Every structure is written in structure tokens, then in C-alpha cells.
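[1] what follows is a predicted structure for the sequence shown.
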Amino acid sequence: MQTVRDKCFAKCITKPGSSLSGSESSCISRCVERYIEATGIISRALFNAPR
């Protein structure tokens, strides 16, 4: 999760401050959701791969 946090922070937070704006919060949420979705796709592909 450290990598996700770092990547999403770098992508979404352009001017760090004491709180998140609405657009920053939405961006973080979408970024994390995409990462979780991608992780699931990769896990299913590895699980279903022929051995």
C-alpha cells in the first residue's frame, strides 16, 4: 500500500496543505479504486494461468 499511497499522492495532490480539496479527495479515491481493481485482475489472471 505504500506504493499506492505514494503514487496516488504524487498524482492527485499538487499543492499539499492542511486538508484535501474535494477534487483531490475524489482523485485519491479513484486512484486507489483503480489500483485495487488492477490488483484483482492480475490476481485472477495468475490464479487461472495454466501450470
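    Good, I have the coordinates.
[2] got a pLDDT number for the residue nearest the centre of the chain?
    In the chain, the C-alpha nearest the mean C-alpha coordinate belongs to Val32, at 2.7 Å (C-alpha atoms, centre = their mean). Looking at Val32, its pLDDT is 94.
[3] over to Arg5?
    pLDDT recorded at Arg5 is 87.
[4] do Asn48 as well
    With respect to pLDDT, Asn48 has a value of 85.
[5] quick one: it from Ala38, how far?
    16 Å (C-beta to C-beta, to the nearest Å). For every residue, glycine as well, the C-beta is placed using N, CA and C.
[6] might you list the low-confidence residue ranges for the chain?
    Across the chain, the ranges flagged by pLDDT under 70 are 1, 51.
[7] can you map out the strands along it?
    Applying DSSP state E to the chain gives no strands.
[8] can you pull out the helices in it?
    For the chain, helices defined by DSSP state H occupy the ranges 2-12, 22-48.
[9] the longest one packs against which elements?
    In other words, helix 22-48. helix 2-12 (3 or more C-beta pairs under 8 Å, 6 or more residues apart in numbering; DSSP states H and E).
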